[in-house]
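Chemist: The sequence and its predicted three-dimensional model are supplied below.
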Amino acid sequence: AARVRQGLSRTRNNLGKQLSGLFGGGKIDEDLYEELETVLLTADTGVSATAWLLDELRRQVKRNGLTDAAQLKEALQKALTALLDPLAQLLDTEKNKPFIIMLAGVNGAGKTTSIGKLAHHFQLQGKTVLLAAGDTFRAAAREQLVAWGERNNIAVIAHESNGQQKGDPAAVIFDAINAAKARGTDIVLADTAGRLATQLHLMEEIKKVKRVIAKAEPGAPHETLLVLDANTGQNAVNQVQAFDDALGLTGLIVTKLDGTAKGGVIAAIARQRQQKSPLPIRFIGVGEDLDDLRPFVASEFVEALFD
Ligand code: GDP
């Protein structure tokens, strides 16, 4: 909890401070709601989530006969927790062996870094991990992963690319799954090339990767994660939608929450799927160290914003 709190210090110093200012005193009136709306919108909470939160506050104010602005802080905490709680579903990797996790995301979102952190997380749980270097697009990405694996004593399956010939990501991942089965590995983390949701041919390629995983191991991937940079702002919602349409996501990793003062993006993501099945945020990235990938706990997150 301390790491999450520290990681969210920028958001707390911005959003949290502004909210505390609003809730400092005085009466609850329309001006207050308007100011609150502005604060939430500027923190990337988005129009829809902001409207939902304000409605929820009005309901609480009415139901409980609240009159003082100071009482709104607790009400907002409650509303935010209610909005975010459905996203807090821990990843259960016990259901399959090997448990195969496919990771997607746009370049620079923090995919490679998150794979390292995830491998570390699972190793701490006593699990064996194998990495599939499926980002055959960038030789540097493959080399980065191989070097990282060597340093941290984690197996990496990679294909050499020879000159002009790029490796086939699906083939690498196929080999990795078979290696994991042969070795009795607990968890496979399958990297894929970074891409933009707008690059249609690349989206087709990643769909193929998913199909090949299912061929190598029926029922897999057991988890399809999108790695999402918290600094993406409102575009995050579009990115989630595009990757979900292409792949059928089962979870998110939201990175670089320590680097943004606008943690409201999490609420925007929650609101996006509020009426459908929620898309769990499995982990949040709150720093650059190996242990700075944390399971998402709604109450912990909300508390870290306000205290
Ligand atoms: P990829 O292109 O998606 O594989 O992105 P990388 O894993 O190479 O990450 C891009 C940059 O973001 C690197 O400098 C990482 O150190 C940094 N990064 C990734 N996750 C986090 C995070 O949670 N917090 C911070 N501060 N930096 C991060």
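Modeler: Nice, thanks for sending it over.
Chemist: Which residues are in contact with residue 114?
Modeler: Residues in contact with residue 114 (C-beta atoms under 8 Å, 6 or more residues apart in numbering) are 103, 227, 253, 255, 283, 285, 293. For the C-beta atoms, the positions are set from N, CA and C on the backbone; glycine is no exception.
Chemist: State the number of residues packed around the last one.
Modeler: Number of residues near residue 293 (other C-beta atoms under 10 Å) recorded here: 24.
Chemist: Once you drop chain neighbours, what's closest to it?
Modeler: In space, residue 293 comes closest to residue 117 once its chain neighbours are excluded; the distance is 3.7 Å by C-beta to C-beta, 6 or more residues apart in numbering.
Chemist: Report the secondary structure state of the one you found.
Modeler: Secondary structure, DSSP: H, G, I helix; E, B strand; the rest coil: residue 117 is helix.
Chemist: ok, it - contacts?
Modeler: By C-beta under 8 Å, 6+ apart, the contact set of residue 117 is 283, 285, 290-293.
Chemist: could you redo the residues you listed as a markdown table and give each row secondary structure?
Modeler: Formatted as a markdown table, the contacts of residue 117 follow (three-state DSSP):
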| residue | secondary structure |
| --- | --- |
| 283 | strand |
| 285 | strand |
| 290 | coil |
| 291 | coil |
| 292 | coil |
| 293 | strand |
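Chemist: And these, which of them are buried?
Modeler: Buried residues within the contacts of residue 117, counting neighbours by 16 or more other C-beta atoms under 10 Å: 283, 285, 290, 292-293.
Chemist: Pick the one among those residues closest to the ligand.
Modeler: Closest to the ligand out of the buried ones among the contacts of residue 117 is residue 285 (2.4 Å), distances taken as C-beta to the nearest ligand atom.
Chemist: excluding its backbone neighbours, what's nearest the closest one?
Modeler: Using C-beta to C-beta, 6+ apart and skipping residues adjacent in sequence, the residue nearest residue 285 is residue 255, 3.6 Å away.
Chemist: circling back: please report how far the residue nearest to residue 293 lies from the ligand.
Modeler: Separation of residue 117 from the ligand (C-beta to the nearest ligand atom, to the nearest Å): 8 Å.
Chemist: pLDDT at that residue, what is it?
Modeler: In this prediction, residue 117 carries a pLDDT score of 95.
Chemist: what's the answer for residue 140, then?
Modeler: 82.
Chemist: I'd like the numbering to begin with 789 instead of 1 from here.
Modeler: Yes, from this point I'll number from 789; that puts the last item at residue 928.
Chemist: Quick check: which element contains it?
Modeler: According to DSSP states H and E, residue 928 maps onto helix 927-940.
Chemist: and the ligand, which of the buried ones among the contacts of residue 905 contact it?
Modeler: Among the buried ones among the contacts of residue 905, the ones lying near the ligand by C-beta under 6 Å from any ligand atom are 1073, 1080.
Chemist: Residues of the stretch 989-1095 of the chain that sit close to the ligand?
Modeler: Selection of the stretch 989-1095 of the chain residues close to the ligand by C-beta under 6 Å from any ligand atom yields 1043-1044, 1046-1047, 1073-1076, 1080.
Chemist: Let's see if you can find the most crowded of these.
Modeler: The most neighbours of any of those, using other C-beta under 10 Å, belong to residue 1043, which has 29 neighbours.
Chemist: I'd assumed residue 1018 was in contact with that residue.
Modeler: Yes: using C-beta atoms under 8 Å, residue 1043 is in contact with residue 1018, at 6.5 Å.
Chemist: As CSV, the contacts of residue 905 with pLDDT would be great.
Modeler: Below are those laid out as CSV (pLDDT from 0 to 100):
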residue, pLDDT
1071, 97
1073, 96
1078, 91
1079, 92
1080, 95
1081, 96
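Chemist: Tell me which two of those sit farthest apart.
Modeler: Between any two of the contacts of residue 905, the greatest separation by C-beta to C-beta is 12.7 Å, found for 1071 and 1078.
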